[in-house]
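Here is the input, now give the coordinates:
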Amino acid sequence: MADRKNVDFNGIHYGVHSDKGRFRLTPTAIGWKASDKSQVVVAADDLKKLSWIRVARGYGLRIVLKDNTIMKFDGFESEFFEDLSKAVKQFYSLQLEAKELSVKGWNWGRTDFQGSNLIFNVTNRPMFELPLAQAIGANKAGKNEVSINFVDPGQPPPEGVNPKDVDELMDVSFYIPGTVAKESDTKSDEEEPEEEEEVNADIVFYETVKSKLELSQMTTENIVQFQEVLCLTPRGRYNIDMYQDFLRLRGKTYDYKILYSNIIKLFLLLKPDEVHVLLVIGLDPPLRQGQTKYPFLVFQFVREDEIDVELNLDEATLGEKYENKLQKHYDAPTYEVVSSVFRALTGRKVTVPGAYRSHHGAHALKCSMKANEGYLYPLEKSFLFIPKPPTFIPFNEIGVVTFSRVGSTSGGSSRTFDMKFHMRAGNDVQFSSINREEYANLEDFLKSKGVKVKSEAAEETIVTYTDLDDLEDEEDEEYDSSRKKRRTEAASDEEDESRKCLTVWFNSKISCL
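Numbers count the residues shown, from 1 in each chain. Coordinates of the predicted model:
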């Protein structure tokens, strides 16, 4: 220690910050300052607990504040412990506790929540910590199982390092068997003790994680909430909480946080039944449920449903930050309100159907993609198939479109045809069971957009109704001719068989004589 007024350490890291800095303890505060002028200052009155722990970069100082916020500094040498311990005791009247980590490698233990951190303990020693503030959501993947999903913490990779070469934590799954006693909300000393109700331990853990996520993410009140919105992909009903920088999808099983910067496309499409409206949201990176990725979210609204909501924003914010793209109060169809709020908060244009109309006047045509039925929307610059799996096909990525089964098949007229997109990237996307009446409109639309079209019907014979009548007459003549031939052959075979039987009988009689 240089003196008793302050203690300095150089080459110290703060959290996930890539730059090293100067760490200083004074009687009034703890501070850290990096070479890029980044700095952190903690008042002495806010300190609650300090711990010394072994970390990847030497040794670390873990500081718990009175509001349960956790701050981490690492890069200390082992010999720094004595100076730190004396300074902490002298300046803050606190004990620097040296904690030992569990290195047994066990995968079972107990969990503890401190602030927004989840600590996994094995034999009463911490094994690892999970910063729930960096999690995007939690879900119950199965019975007795809870998964926590993470995203990039927002820090850029080191200079000269390819972002694809950086490893990051994506998911952590916990298996939680058994039951625990349910805590009663209201309890009186005069009431007689009753048997405690037990609930599944995984449910309690899941609800606790969700509450910590909400606590860490809810720095401000939500702007608006849309309740019980039907989502077709992935299937379920979700409450959509809209905040200034992100939204949250809260369902019975899944809970997600989606940054507005991850939303790259918005589509508002009328279904051919003219009863429902679809809001399609394109994501990059896609939403993940276990090993399944969802690059598009498909929400469905009833066209006639209306909503009456008021945004939690003042007039000054509406004018300055959102440039009056949002209204204070909405009383309109639900799909209009939701799409308007998404457009203003994300800054993305909402794509609507263009000039294309199907044979029946709809904006889309019904078809199948493998075993999944859906609707294909020919838009102004792309095709979009929904609801499952949502498939986006830009015109500039299409090499050629091939139509098949547009003519005759097996001597009969086909009521449907297939369409295959040969993409410039080398992959193919095929749609089948398209109504034959849609062929002419679809072909004209593709040609108007400059997309190359090839039809396999040119190699087939187109059969008209007159040809079908002639074909039926020819088939009748062939049938009669073959029938007479079969009768003649059968009679001939019967006569030969009779001769054989007579010869055998005649020979047997002679042999008997």
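
can you give me the helices in the stretch 1-150 of the chain?
Using DSSP state H, counting those that start in this stretch, the helices of the stretch 1-150 of the chain run over residues 80-92.

actually the chain, sorry about that
Using DSSP state H, the helices found in the chain span residues 80-92, 201-217, 315-320, 334-346, 439-448, 465-512.

Lowest mean pLDDT across those helices, which one is that?
Here the lowest mean pLDDT among the helices of the chain goes to helix 465-512, at a mean of 47.

Just give me the neighbour total for Thr292.
Residues lying near Thr292 (other CB atoms under 10 Å) number 9. C-beta: built from backbone N, CA, C; applies to glycine.

Next: Leu379.
22.

what do you get for Ile263?
Neighbours of Ile263 under the rule other CB under 10 Å: 20.

Same check on the one 4 residues further on?
Here the neighbour count serves as a burial measure; for Phe267 (other CB under 10 Å) it reads 23.

thinking it is in contact with Val350, fair?
Yes. If you go by CB atoms under 8 Å, Phe267 and Val350 touch, sitting 7.2 Å apart.

thought Thr351 was touching Leu279?
No. Using CB under 8 Å, Thr351 is not in contact with Leu279, being 10.9 Å away.

Need the overlap of contacts for those two.
Common contacts of Thr351 and Leu279 (CB atoms under 8 Å, 6 or more residues apart in numbering): Leu266, Phe267, Leu268.

Quickly list the domain ranges of this structure.
Per the record, the chain has its domains at 7-99, 218-351, 365-459, 468-508, by automatic domain parsing.

that older thread, could you point out which of the shared contacts of Thr351 and Leu279 is nearest to Asp428?
Of all the shared contacts of Thr351 and Leu279, Phe267 has the smallest distance to Asp428: 23.5 Å, by CB to CB.

Just list whatever residues bridge to the residue nearest to Leu446 when sequence neighbours are not counted.
Excluding the flanking residues, the one nearest Leu446 by CB to CB, 6 or more residues apart in numbering is Val453, at 5.2 Å. Beta-bridge pairing of Val453 under DSSP bridges involves Val401.

Contact partners for Val453?
Counting by CB under 8 Å, 6+ apart, Val453 has contacts Val400, Val401, Thr402, Phe403, Glu443, Leu446, Lys447.

Lys321: neighbour count?
Neighbouring residues of Lys321 were enumerated by other CB under 10 Å; the total is 12.

same thing with Lys182?
Lys182 has 12 neighbours, counted by other CB under 10 Å.

and the gap between it and Glu198?
7 Å (CB to CB, to the nearest Å).

Which among the contacts of Val453 count as buried?
Val401, Thr402, Phe403, Glu443, Leu446 (16 or more other CB atoms under 10 Å).

where along the stretch 301-450 of the chain do the strands fall?
306-310, 329-333, 350-351, 365-369, 372-378, 382-386, 391-394, 398-404, 408-409, 412-413, 416-423, 428-435 (DSSP state E, counting those that start in this stretch).

I'd like those as a markdown table, with distance to Asp202 and mean pLDDT appended.
Converted to a markdown table, these look like this (distance: least, CB to CB, whole Å; pLDDT from 0 to 100):
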| stretch | distance to Asp202 | mean pLDDT |
| --- | --- | --- |
| strand 306-310 | 35 | 94 |
| strand 329-333 | 39 | 94 |
| strand 350-351 | 40 | 95 |
| strand 365-369 | 36 | 94 |
| strand 372-378 | 32 | 95 |
| strand 382-386 | 34 | 95 |
| strand 391-394 | 36 | 96 |
| strand 398-404 | 47 | 93 |
| strand 408-409 | 54 | 52 |
| strand 412-413 | 58 | 55 |
| strand 416-423 | 44 | 94 |
| strand 428-435 | 40 | 94 |
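
so which of these comes closest to Ile12?
Short answer: strand 391-394, nearest of the strands of the stretch 301-450 of the chain by CB to CB, at 47.2 Å.

For the closest one, buried residues please.
Result for strand 391-394 [16+ other CB under 10 Å]: buried residues Thr391, Phe392, Ile393.

Direction included, what does that strand pair against?
Partners of strand 391-394 in the sheet, by DSSP bridges, are strand 382-386 (antiparallel).

Single out the most deeply packed of the strands of the stretch 301-450 of the chain.
Greatest average neighbour count among the strands of the stretch 301-450 of the chain goes to strand 382-386 (a mean of 22), per mean count of other CB atoms under 10 Å.

What is the distance between it and the centre of its chain?
Distance of strand 382-386 from the chain centroid (CA atoms, centre = their mean, to the nearest Å) equals 18 Å.

and if you look at stretch 281-301?
On CA atoms, centre = their mean, the centre of stretch 281-301 falls 3 Å from that of its chain.

end to end, how far does that stretch reach?
Using CA to CA, to the nearest Å, the end-to-end distance of stretch 281-301 comes out at 14 Å.

Isn't Leu169 up against Phe150?
Yes. With contact defined as CB under 8 Å, Leu169 counts as touching Phe150 (5.1 Å).

hmm, back to that, which stretch among the domains of the chain approaches Asn107 most closely?
That would be domain 218-351 among these, by CB to CB, at 19.0 Å.

Could you give the bridge partners of Phe267?
Under DSSP bridges, the beta-bridge partners of Phe267 are Val280, Thr351.

Show the contacting residues for it.
Counting by CB under 8 Å, 6+ apart, Phe267 makes contact with Leu278, Leu279, Val280, Gly282, Val350, Thr351, Val352, Tyr377, Leu379, Leu384.

ok, now how distant is it from Val341?
From Phe267 over to Val341 the distance is 15 Å, taken as CB to CB.

How about Leu278?
Distance check for Leu278 against Val341: by CB to CB, it reads 16 Å.

returning to what we had before: make JSON lines out of the strands of the stretch 301-450 of the chain and add distance to Val64.
Formatted as JSON lines, the strands of the stretch 301-450 of the chain follow (distance: least, CB to CB, whole Å):
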{"stretch": "strand 306-310", "distance to Val64": "40"}
{"stretch": "strand 329-333", "distance to Val64": "44"}
{"stretch": "strand 350-351", "distance to Val64": "46"}
{"stretch": "strand 365-369", "distance to Val64": "53"}
{"stretch": "strand 372-378", "distance to Val64": "51"}
{"stretch": "strand 382-386", "distance to Val64": "48"}
{"stretch": "strand 391-394", "distance to Val64": "47"}
{"stretch": "strand 398-404", "distance to Val64": "57"}
{"stretch": "strand 408-409", "distance to Val64": "74"}
{"stretch": "strand 412-413", "distance to Val64": "77"}
{"stretch": "strand 416-423", "distance to Val64": "54"}
{"stretch": "strand 428-435", "distance to Val64": "54"}
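
pLDDT weak spots in the stretch 1-150 of the chain?
For the stretch 1-150 of the chain, the stretches with pLDDT under 70 are 1-4, 141.

make it 90
In the predicted model, the stretch 1-150 of the chain carries pLDDT under 90 at residues 1-6, 15-20, 35-39, 55-57, 64, 66-71, 99-107, 113-117, 123-126, 128-150.

Please, where are all the strands along it?
Taking DSSP E, counting those that start in this stretch, the strands of the stretch 1-150 of the chain run over residues 7-14, 21-25, 29-34, 39-43, 47-55, 58-65, 70-76, 96-98, 110-114, 117-122, 125-131, 135-142, 145-150.

and Ile240, which of those strands is closest to it?
Closest among the strands of the stretch 1-150 of the chain, using CB to CB: strand 135-142, at 13.4 Å.

how much distance is there from the closest one to the middle of the chain?
On CA atoms, centre = their mean, the centre of strand 135-142 falls 12 Å from the chain's centre.

swap in stretch 60-77?
For stretch 60-77, the distance to the chain centre is 34 Å (CA atoms, centre = their mean).

Neighbours of the closest residue in space to Ala56 that isn't next to it in sequence, how many?
Using CB to CB, 6+ apart and skipping residues adjacent in sequence, the residue nearest Ala56 is Asp74, 7.6 Å away. By the other CB under 10 Å criterion, the neighbourhood of Asp74 contains 18 residues.
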